[in-house]
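**Q** Pasted the sequence and its predicted model underneath.
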Amino acid sequence: MGRFTRRDFLRTAGAAALGAAASLLEAPSQAADDPVFAPEKGAQLRVLRWKRFVQGDEDLWLENTRNFTARTGVEVTVDSENWEDLRPKAAIAANVGAGPDIIVGTNADPQQYPERLVDVTDLADYLGNKYGGWYDICRAYGMHEGRWIAIPTGAAGAALVYRKSMLQAVGYETVPNDFPGLLKLCQALNANGTPPGFPLGHATGDATEWCHWALWGFGGRLTDEQNRVAIHSRQTVAALEYAAELYRTFPPGTTSWLDPSNNKAFLAGDISLTPNGISIYYAAKKSTDPKLQAMAEDIRHAHYSIGPIGRRLRGGQMFPAFIFKYSRYPGAAKEYLRFMMEKEQYLPWQAACTGYVSHPLRAYESSPVWSADPQNVFFRDVVKDMQHYGYAGRLGKESAAASAEFVVVDMFAEACTGARRPRDAAGAAEQRAKHIYKT
């Protein structure tokens, strides 16, 4: 008998898991006229969510919403805001006790006002039991003191997006798998007039993700396991020194880049490599412009390179949906979220997103979208592999505030631009974090 290796086991286990997930999606659904949560008489809902980066997301979300209204009679108004505007609007609603019934927000926003949110444990348990369970990170983002305060609807994660031809022009077929190799590639690209570009402004998605990737890759962290501020360390300084070297290869202006900025620069041909979701590839692929269609054929993705700690880590932009207690229609709100997370709505929506949103429920690992295009698979396991931005402590009001105030991103921007030496930037971030954590 041949030797059965650990790799064989993992391959077999992975296939078995995907097979189990597929069977869950093939199982009969609950009857269409048998809702789990009954909407209140005369219910109307206002929903505020993040503004789409891929058009299919918005189109299918609105189509599913119309189908919900047709089925239940509950009128739903959906408004969208940029990520940078969504967080303050959600905070205002929480503070004044009026506004949208449901907000589909970002990251740990619900942790800033958990006492003002409807308990959705019953809904979370229903979905988890039906669809193979939640990934572990979903509990960190969705739960507070043992109860669910939000339903994670999925997450957007980044890969390294690059122009294959531009890498080949400097002697590379793909992005190196290690930090030193990535830096050498970026230096070569810049020297060839096709620089990389990573956002360093208050970009809730891309800047937050890549700065934490660099921080974690050297072993740095915002807090320790006891939730004590631990950002001022030799590991953090090493990460900042490395990032400063990368920054020297970027074009001018990246310190003001928000989440759409690197998309625009890449599609304009101004940069060759950037961290991003699948939205750049989607925009080029779906464009009617022949130049962008040709660019789509040249776009490739790679996983983030691995730092000195020796293992791959990734963050991600979680999209938690939460219901405020001031809502007059919590039953209708829960039923809306249930409806949107059921496979009949979720699978077409995820397909329309072309992989921009990675699923929070294990059954959706077998969604057809992940095999529809070789570029999609880089985003399949975002939620499965995510580490939260309060690492290595816990998510809560403090970690949510640190993210909202861009403590880590600002630290990297200061070190990269030379506004502060890396050690001083880490010290300044430590003082900001201690003020937030009140230590």
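**A** Noted; the coordinates are in hand.
**Q** how about the helices in the stretch 51-200 of the chain?
**A** Applying DSSP state H, counting those that start in this stretch to the stretch 51-200 of the chain gives helices spanning 55-72, 83-96, 121-130, 136-142, 164-168, 179-191.
**Q** Those helices: which one's closest to Ser261?
**A** Ser261 sits nearest to helix 83-96 of all the helices of the stretch 51-200 of the chain, at 11.5 Å, using C-beta to C-beta. Any C-beta I mention is one placed from the backbone N, CA and C, and that applies to glycine too.
**Q** for that closest one, packing partners?
**A** strand 44-50, strand 102-104 (3 or more C-beta pairs under 8 Å, 6 or more residues apart in numbering; DSSP states H and E).
**Q** Out of those strands, flag the one nearest Ser256.
**A** With respect to Ser256, and counting by C-beta to C-beta, the nearest of the helices and strands packed on helix 83-96 is strand 44-50 at 20.9 Å.
**Q** out of the helices and strands packed on helix 83-96, deepest packed?
**A** strand 102-104 (a mean of 27; mean count of other C-beta atoms under 10 Å).
**Q** now that one, how far from the chain's geometric center?
**A** How far strand 102-104 lies from its chain's middle: 16 Å, per C-alpha atoms, centre = their mean, to the nearest Å.
**Q** Also stretch 244-263?
**A** 19 Å.
**Q** Over to stretch 316-328?
**A** Counting by C-alpha atoms, centre = their mean, stretch 316-328 comes out at 16 Å from the chain centroid.
**Q** Over to stretch 229-246?
**A** With C-alpha atoms, centre = their mean, you get 23 Å for stretch 229-246.
**Q** Output that stretch as CSV, nothing but the C-alphas.
**A** Only the C-alpha atoms of stretch 229-246 are listed here, as CSV (Å, rounded to 0.1, in the frame of the first residue of the first chain):
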residue,chain,number,x,y,z
VAL,A,229,-1.8,47.7,23.8
ALA,A,230,1.3,46.1,22.3
ILE,A,231,1.9,48.0,19.1
HIS,A,232,5.2,49.6,20.1
SER,A,233,7.6,46.7,19.5
ARG,A,234,10.6,45.7,17.5
GLN,A,235,8.4,43.7,15.2
THR,A,236,6.3,46.8,14.5
VAL,A,237,9.4,48.8,13.8
ALA,A,238,10.6,46.2,11.4
ALA,A,239,7.3,46.2,9.6
LEU,A,240,7.4,50.0,9.3
GLU,A,241,11.0,50.0,8.0
TYR,A,242,10.0,47.4,5.3
ALA,A,243,6.9,49.4,4.4
ALA,A,244,9.0,52.6,4.0
GLU,A,245,11.1,50.7,1.5
LEU,A,246,8.0,49.7,-0.4
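**Q** Residue ranges of each domain in the protein, please.
**A** 33-157+316-385, 159-314+405-437 (automatic domain parsing).
**Q** Look up how far Thr69 lies from Leu123.
**A** 19 Å (C-beta to C-beta, to the nearest Å).
**Q** okay, those two: which has more neighbours?
**A** Neighbour totals were compared for Leu123 and Thr69, and Leu123 leads with 22 against 15 (other C-beta atoms under 10 Å).
**Q** where's that one relative to Gln226, distance?
**A** Leu123 is 32 Å from Gln226, by C-beta to C-beta.
**Q** swap in Thr65?
**A** Taken as C-beta to C-beta, the span from Thr65 to Gln226 is 43 Å.
**Q** out of the two, which sits in the busier spot?
**A** Thr65 (21 against 9).
**Q** Mind putting the domains of the chain into JSON lines with mean pLDDT and distance to Leu395?
**A** Formatted as JSON lines, the domains of the chain follow (pLDDT from 0 to 100; distance: least, C-beta to C-beta, whole Å):
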{"stretch": "domain 33-157+316-385", "mean pLDDT": "94", "distance to Leu395": "5"}
{"stretch": "domain 159-314+405-437", "mean pLDDT": "97", "distance to Leu395": "10"}
